[in-house]
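*Asks:* Predicted model, plus sequence, below.
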Amino acid sequence: MSISDLYDNEFRKRNKDHFAAIVRVAMSDGFISYEEKNFLDRLAQKLNISDEDFKKILKDYLSHPINPPVSYDHRLERLYDLARMVVVDNIQDEEEKKLLRKFCVALGFHAINVKYITDKALELVSQGHGLDEFIDGIKNMNQ
């Protein structure tokens with residue numbers, strides 16, 4: 001096995017784990033809505049999740065760990081994906097917000113700021129901001 005195979009395998013595993021985290025958010029209300037399914041389909045393509053892996057993850061999403069990225073920008077990208085999943089529901093109920101806060105802590109955001117960060121993330125996504133605007137908005141929260 002070459003070094004690039006190891007990298008590719010680790011990269012795929014991180015993508016699967018990230019996808020499983022998003023499935024957890026989608027399943028927080030006990031089912032996946034039509035809008036969530038469409039989002040998951042698009043995200044699966046973006047993350048190179050095969051149809052077979054997609055089905056396995058849907059069946060056993062709780063067995064995947066949440067692997068926080070080292071880079072702050074990559075953590076923000078994952079937060080953006082998760083916040084988009086919550087907003088797709090059109091019902092940002094407290095249970096989904098609570099789960100999103102848990103994922104934020106798991107992604108490496110400080111627990112003291114996590115409610116403020118998730119509220120801001122949901123606000124930015126609800127307003128239709130793209131990834132770059134989202135990252136700028138989160139980074140400039142305290143200014």
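*Replies:* Yep, it's here. In this text the structure is predicted, and so the values were computed from the model without any measurement.
*Asks:* what sits against the residue nearest to the spatial centre of the chain?
*Replies:* Computing the C-alpha centroid of the chain and ranking residues by CA atoms, centre = their mean puts residue 82 first, at 3.1 Å. Contacts of residue 82 were listed using CB atoms under 8 Å, 6 or more residues apart in numbering, and they are 21, 22, 25, 100, 103, 121. The C-beta positions use only the backbone N, C-alpha and C, and glycine is treated the same way.
*Asks:* Please identify which helix or strand holds it.
*Replies:* Taking DSSP states H and E as the criterion, the element that holds residue 82 is helix 72-88.
*Asks:* on that earlier part again, closest to residue 75 out of the contacts of residue 82?
*Replies:* residue 103 (10.4 Å; CB to CB).
*Asks:* hmm, back to that, measure the residue nearest to the centre of the chain to residue 96 for me?
*Replies:* Separation of residue 82 from residue 96 (CB to CB, to the nearest Å): 10 Å.
*Asks:* Now do the shared contacts for the two.
*Replies:* Overlap between the contact sets of residue 82 and residue 96, as judged by CB under 8 Å, 6+ apart, is given by residue 25.
*Asks:* Export only the CA atoms of stretch 14-33, formatted as PDB.
*Replies:* As requested, C-alpha coordinates have been extracted for stretch 14-33 and formatted as PDB (Å, rounded to 0.1, in the frame of the first residue of the first chain):
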ATOM      1  CA  ARG A  14     -13.000  11.400   7.800                       C
ATOM      2  CA  ASN A  15     -15.600  12.200   5.100                       C
ATOM      3  CA  LYS A  16     -17.700   9.200   6.200                       C
ATOM      4  CA  ASP A  17     -17.500  10.300   9.800                       C
ATOM      5  CA  HIS A  18     -18.500  13.800   8.900                       C
ATOM      6  CA  PHE A  19     -21.400  12.600   6.800                       C
ATOM      7  CA  ALA A  20     -22.500  10.400   9.700                       C
ATOM      8  CA  ALA A  21     -22.500  13.400  12.000                       C
ATOM      9  CA  ILE A  22     -24.800  15.200   9.600                       C
ATOM     10  CA  VAL A  23     -27.100  12.200   9.400                       C
ATOM     11  CA  ARG A  24     -27.300  12.400  13.200                       C
ATOM     12  CA  VAL A  25     -28.600  15.900  13.000                       C
ATOM     13  CA  ALA A  26     -31.100  14.900  10.300                       C
ATOM     14  CA  MET A  27     -32.300  11.900  12.400                       C
ATOM     15  CA  SER A  28     -32.700  14.000  15.600                       C
ATOM     16  CA  ASP A  29     -36.400  14.200  14.900                       C
ATOM     17  CA  GLY A  30     -36.700  10.400  14.200                       C
ATOM     18  CA  PHE A  31     -36.900  10.600  10.400                       C
ATOM     19  CA  ILE A  32     -35.200  12.200   7.300                       C
ATOM     20  CA  SER A  33     -37.500  14.700   5.500                       C
END
